[in-house]
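**Student:** sequence and predicted structure are below.
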Amino acid sequence: MDSLSDEQLVPLAARPGPNREAAFEVLVRRHSPRLHRLAAGLVGPGNADDVLQEVWLSVYRSAQGFRGDAQFSTWLHRVTLNACHKALAARPALPLGEAPEPAAPHCPARAGEQADLRARLAWALARLPPEQRDAVTLRELGGLDYAAIAGVLGVEVGTVKSRLSRGRAALREWLSAAGVAP
């Protein structure tokens, strides 16, 4: 099954039958790392696993409704963004000073610096308008190209470019004001 393309796996994963579980498992293994990075960037690493679980449950339930108008990965990114927005709406935003510190791995000083940087970045991302935040996270954390982002967001490539430009400029401004050097 690993050698099959998404276009071949999705119909197998969408219909009940002997290959459904195996096809779905390949899709999960293939796409989860990128989706997890995207979710972690939007809702934080602590909530990304929960969001990803919701994404895959939703995909499993609705895979037969996937029409193939866009690439499967484009649809997955849209489902992930929707799940992230839902998770963000369900929790109050913390001020920068109240962001929880993740547990430090081996080097406490380095881990503290990284945690501080992640908290500042999450704080700045949360202040972006949703359309800019989505474009920035899909590009920088999801690794999607402009055309794929346009497909996920349902906008033109030029709109993606302008949202990215405005979002990056705002992030630079906020992070510089917070003492983070580029």
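**Tutor:** Looks like it arrived, so ask away.

**Student:** which strand or helix spans the spatially most central residue of the chain?
**Tutor:** Nearest residue to the geometric centre of the chain (C-alpha atoms, centre = their mean): L38, 2.2 Å. Assigning secondary structure by DSSP states H and E places L38 in helix 20-43.

**Student:** got the domain ranges for this structure?
**Tutor:** 1-92, 108-182 (automatic domain parsing).

**Student:** helix or strand right after the least confident helix or strand in the chain by mean pLDDT?
**Tutor:** Lowest mean confidence among the helices and strands of the chain (mean pLDDT, DSSP states H and E): helix 108-127, at a mean of 74. With elements assigned by DSSP H and E, the helix or strand that comes after helix 108-127 is helix 130-140.

**Student:** circling back to that earlier point, chain center to the helix holding L38, what's the gap?
**Tutor:** 10 Å (C-alpha atoms, centre = their mean, to the nearest Å).

**Student:** which secondary structure elements does it sit against?
**Tutor:** Applying 3 or more C-beta pairs under 8 Å, 6 or more residues apart in numbering; DSSP states H and E, we find helix 20-43 packed against helix 6-14, helix 45-62, helix 72-89, helix 108-127, helix 130-140. C-beta: built from backbone N, CA, C; applies to glycine.

**Student:** dump that helix to CSV, restricted to CA.
**Tutor:** In CSV, the C-alpha atoms belonging to helix 20-43 read as follows (Å, rounded to 0.1, in the frame of the first residue of the first chain):
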residue,chain,number,x,y,z
ARG,A,20,-9.9,0.4,4.2
GLU,A,21,-7.8,0.3,7.4
ALA,A,22,-4.5,-0.3,5.6
ALA,A,23,-5.1,2.5,3.1
PHE,A,24,-6.1,4.9,5.8
GLU,A,25,-3.1,4.0,7.9
VAL,A,26,-0.8,4.8,5.0
LEU,A,27,-2.5,8.2,4.5
VAL,A,28,-2.1,8.9,8.3
ARG,A,29,1.6,8.0,8.3
ARG,A,30,2.3,10.0,5.1
HIS,A,31,0.6,13.2,6.1
SER,A,32,0.7,13.4,9.9
PRO,A,33,4.1,15.0,10.3
ARG,A,34,3.3,18.0,8.1
LEU,A,35,-0.2,18.4,9.6
HIS,A,36,1.2,18.1,13.1
ARG,A,37,3.8,21.0,12.4
LEU,A,38,0.9,23.1,11.1
ALA,A,39,-1.3,22.4,14.1
ALA,A,40,1.5,22.9,16.6
GLY,A,41,2.2,26.3,15.1
LEU,A,42,-1.3,27.4,15.4
VAL,A,43,-2.5,25.8,18.7
